[in-house]
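Undergrad: Sequence plus predicted model, see below.
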Amino acid sequence: MTHRCGEALALGQCWASGLARGNGRMWLSKFQILILPSSPLLILRLTMCTLEKRGDLFLLTLTGDGEHRFHPNTIASIISLLEQAKSQSKRGSVLITTANGKFFSNGFDLAWAQSSGSKTAAAERLHHMVESFKPVVAALLDLPMPTIAALNGHAAAAGLMLALSHDYVFMRNDRGVLYMSEVDIGLSMPDYFAAIVRSKIGTSAARREVFLSGKKIRGEEAVALGIVDSAAHDSEEGVLEATVRLGEKLAAKKWSGEVYASIRKSLYPELCGMLNLEAKIFATPKL
Amino acid sequence: MCTLEKRGDLFLLTLTGDGEHRFHPNTIASIISLLEQAKSQSKRGSVLITTANGKFFSNGFDLAWAQSSGSKTAAAERLHHMVESFKPVVAALLDLPMPTIAALNGHAAAAGLMLALSHDYVFMRNDRGVLYMSEVDIGLSMPDYFAAIVRSKIGTSAARREVFLSGKKIRGEEAVALGIVDSAAHDSEEGVLEATVRLGEKLAAKKWSGEVYASIRKSLYPELCGMLNLEAKIFATPKL
């Protein structure tokens, strides 16, 4: 128990003060670290999201039953958890990102933008979220491990961009749609959103369906259009299990994360350029 | 040579008459003028459908006009003139503040196929009409923006090679399989037009802001926009 507490402390930032123990839990200011007697090990619980470890797999979950909209705080939390995963990565690590409830994510917190009081301030808040979300995409492109998005529910706008920033995307066939709402609500596209869609979605027709049609795309069509890799799952647990199975298969390869990330970035040079990500080319042959 | 009609929310641009609807400088100027009109009258819910009468959608540039100039140099100049003056047609379609649909009543070849592909949606017939890039057969090389249109709009490397490098006359069913057109389920001139009208009405019902629609469309084709000097303006004006 002491060993695991020490390990848990070493995983996150260090707070030497303010510890109180009881019932196997340690409370640290606004963070709670839960020491479980068996895996999965919860690494960090932040505002609206958690990072757990299950063997080789990192599980990033957008928690709670809401729309998981990206408020600046959520964005900061996600970045923090991705940094955690990166710092703990080793050969065979894999990231799975998922959420609870009806939504994977419904995009930026537009209500927060509009609550600012004026049109100018609302536009500024929206611009702030658009800019601060770029490092999330960059962190995923740069992550030294394969990444898989398990869509428990709807993925819209920036929520769909989060999904597409992963190497693999699984969704459900019974529930959940993909939806770029911008054309319906009168918002134009941030340049890196268009770059994500151009990089990740194969055909011109599919890109047009996603961006220009205002269509709510269900699992079967998303697979046919080549937007997601699989939609053969008919429950929240089903899609997560399938991504865990894929994750374990990828983990067994014991790939060097640095090489994996380098090769991934080489597929998306335009997007990397926009996000100021260097695609470092080097050769370290495996012997 | 062409007309612009209004049917409710839909603008219908028609290349009229029974000929090949080849692009002579005058035709090109007329098309640009009609597109400017549609743009100036556009409002939320507007949609453009482009079609033609007879056996051809369009058979491309008016090469006969080029060759009637009297000398090889003059012919090359006339061709170059048409290639350059057609760029604003593509630009106008990419910039048009409303969804655009091409209803192919018949053959679309060379610049005629480029006109079709400059639309958001392309429907053709399965009983008549082929898509055909004639350049490789007649020994003309490709304008750079033609290649950019094909690279932007046709999904797979194999399909692009079929269109550009094979000299193939591609019929409806294969065009759908190759992902070049969206639909070829229509077996008459009226059938394909009706289908595009139905799609047009569905899109019109969304009452989208044309300015936002055009901005999002252009963001899908940055290379082509760059070649045509089209700015893809990014802005956010949330609808309240």
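TA: Received the coordinates, thanks. Just so you know, these numbers come straight off a predicted model, no measurement behind them.

Undergrad: Helices of the stretch 1-150 of chain A, start to end?
TA: Taking DSSP state H, counting those that start in this stretch, the helices of the stretch 1-150 of chain A run over residues A:2-11, A:72-87, A:110-114, A:119-142.

Undergrad: what's the average pLDDT for the shortest one?
TA: Looking back up the chat, that one is helix A:110-114. Per-residue pLDDT values over helix A:110-114 give a mean of 93.

Undergrad: repeat for the last one
TA: On average, the pLDDT along helix A:119-142 is 95.

Undergrad: Contacts only, for the residue in the stretch 151-287 of chain A positioned nearest to chain B.
TA: As assessed by CB to the nearest CB, chain B sits closest to A:Thr203 within the stretch 151-287 of chain A, at 3.0 Å. Placement of C-beta: from N, CA and C, glycine included. When contacts are counted by CB atoms under 8 Å, 6 or more residues apart in numbering or on different chains, A:Thr203 is found next to A:225-226, B:155-156, B:179.

Undergrad: Among these, which pair sits farthest apart?
TA: In those, the most distant members under the criterion CB to CB are A:Leu225 and B:Thr156, with 13.6 Å between them.

Undergrad: before we move on, the earlier item: which pLDDT value belongs to the residue of the stretch 151-287 of chain A closest to chain B?
TA: A:Thr203 is assigned a predicted lDDT (pLDDT) of 89.

Undergrad: Over to A:Lys102?
TA: Per-residue confidence at A:Lys102 stands at 96 (pLDDT).

Undergrad: What is the neighbour count of it?
TA: One way to gauge burial is a neighbour count; for A:Lys102, by other CB atoms under 10 Å in any protein chain shown, it gives 16.

Undergrad: and it, how far is that from chain B?
TA: For A:Lys102, the distance to chain B equals 23 Å [CB to the nearest CB, to the nearest Å].

Undergrad: Which residue is the nearest non-sequential neighbour of that residue?
TA: Closest residue to A:Lys102 apart from its sequence neighbours, by CB to CB, 6 or more residues apart in numbering or on different chains: A:Gly153 at 4.5 Å.

Undergrad: Show the contacting residues for that neighbour.
TA: By CB under 8 Å, 6+ apart, the contact list for A:Gly153 reads A:99, A:101-104, A:172, A:175-176, A:236.

Undergrad: and the residues you listed, which are buried?
TA: Buried residues within the contacts of A:Gly153, counting neighbours by 16 or more other CB atoms under 10 Å in any protein chain shown: A:99, A:101-104, A:172, A:175-176, A:236.

Undergrad: got the end-to-end distance for stretch A:219-235?
TA: With CA to CA, to the nearest Å as the measure, the first residue of stretch A:219-235 is 12 Å from its last.

Undergrad: The nearest residue to A:Leu60 once chain neighbours are set aside and chain B, how far apart?
TA: If you skip the residues right next to it in sequence, A:Leu60 has A:Thr97 as its closest partner in space, 4.5 Å away by CB to CB, 6+ apart. From A:Thr97 over to chain B the distance is 25 Å, taken as CB to the nearest CB.

Undergrad: Quick check, A:Thr97 in contact with A:Leu162.
TA: Yes - between A:Thr97 and A:Leu162 a contact is recorded at 7.4 Å, counting by CB atoms under 8 Å.

Undergrad: list residues touching both of these two?
TA: Taking CB under 8 Å, 6+ apart as the contact criterion, the residues that touch both A:Thr97 and A:Leu162 are A:Ala149.

Undergrad: Compare these two (neighbour count), which wins?
TA: Legend: neighbour count by other CB under 10 Å for A:Thr97 and A:Leu162, higher for A:Thr97 (29 against 25).

Undergrad: who does the more buried one bridge with?
TA: When bridges are called by DSSP bridges, A:Thr97 pairs up with A:Leu60, A:Ala149.

Undergrad: which ones are touching it?
TA: Going by CB under 8 Å, 6+ apart, the list of residues near A:Thr97 reads A:60-62, A:147-150, A:162-163, A:166.

Undergrad: make it 10 Å
TA: A:Thr97 makes contacts with A:49, A:51, A:58-62, A:78, A:81-82, A:85, A:104-105, A:140, A:147-151, A:162-163, A:165-166, A:169, A:243, as judged by CB atoms under 10 Å, 6 or more residues apart in numbering or on different chains.

Undergrad: How about A:Glu270?
TA: The contact partners of A:Glu270, taken as CB under 10 Å, 6+ apart, are A:192, A:195-196, A:198-199, B:222.

Undergrad: Show me which residues of the stretch 51-200 of chain A sit near chain B.
TA: On the criterion CB under 10 Å from any CB of the partner chain, chain B has as its neighbours in the stretch 51-200 of chain A the residues A:108, A:110, A:113-114, A:119, A:122-123, A:126-127, A:130, A:180, A:182-191, A:193-195, A:197-198.

Undergrad: swap the cut-off to 8 Å and go again
TA: Residues of the stretch 51-200 of chain A lying close to chain B by CB under 8 Å from any CB of the partner chain are A:110, A:113-114, A:122-123, A:126-127, A:130, A:182-191, A:193-194, A:197-198.

Undergrad: re earlier: got the phi/psi numbers for the residue nearest to A:Lys102?
TA: Dihedral angles phi and psi of A:Gly153 (degrees, to the nearest 10) take the values phi -160, psi -150.

Undergrad: what's the pLDDT at it?
TA: At A:Gly153 the predicted local distance difference test score is 97.

Undergrad: Looking at stretch A:70-79 now, give me its mean pLDDT.
TA: pLDDT averaged over stretch A:70-79 equals 96, rounded to a whole number.

Undergrad: what comes up buried for it?
TA: With burial defined by 16+ other CB under 10 Å, the residues of stretch A:70-79 counted as buried are A:70-71, A:74-75, A:77-79.

Undergrad: And the contacts of it?
TA: With contact meaning CB under 8 Å, 6+ apart, stretch A:70-79 is reached by A:46-49, A:60, A:62, A:68, A:105, A:107-109, A:112, A:128-129, A:132-133, A:135-136, A:139, A:158-159, A:162.

Undergrad: Output that stretch as CSV, nothing but the C-alphas.
TA: Listed next in CSV are the C-alpha coordinates belonging to stretch A:70-79 (Å, rounded to 0.1, in the frame of the first residue of the first chain):
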residue,chain,number,x,y,z
PHE,A,70,-14.6,22.0,-24.2
HIS,A,71,-14.4,24.9,-21.8
PRO,A,72,-10.9,26.3,-21.3
ASN,A,73,-10.6,24.3,-18.0
THR,A,74,-11.5,21.1,-19.7
ILE,A,75,-9.0,21.7,-22.4
ALA,A,76,-6.3,22.4,-19.8
SER,A,77,-7.2,19.2,-18.0
ILE,A,78,-7.0,17.1,-21.2
ILE,A,79,-3.6,18.6,-22.0
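
Undergrad: From the chain's centroid, how far away is that stretch?
TA: Centroid separation for stretch A:70-79 versus its chain: 11 Å, with CA atoms, centre = their mean, to the nearest Å.

Undergrad: Same question for stretch A:86-99.
TA: Averaging C-alpha coordinates over stretch A:86-99 and over its chain gives two centres that are 11 Å apart (CA atoms, centre = their mean).

Undergrad: end-to-end on it?
TA: The separation between the terminal residues of stretch A:86-99, taken as CA to CA, is 20 Å.

Undergrad: Show me which positions of it end up buried.
TA: Neighbour-count burial for stretch A:86-99 flags A:86, A:89, A:91-99 (criterion: 16+ other CB under 10 Å).

Undergrad: Having no further points to raise, I will conclude here.
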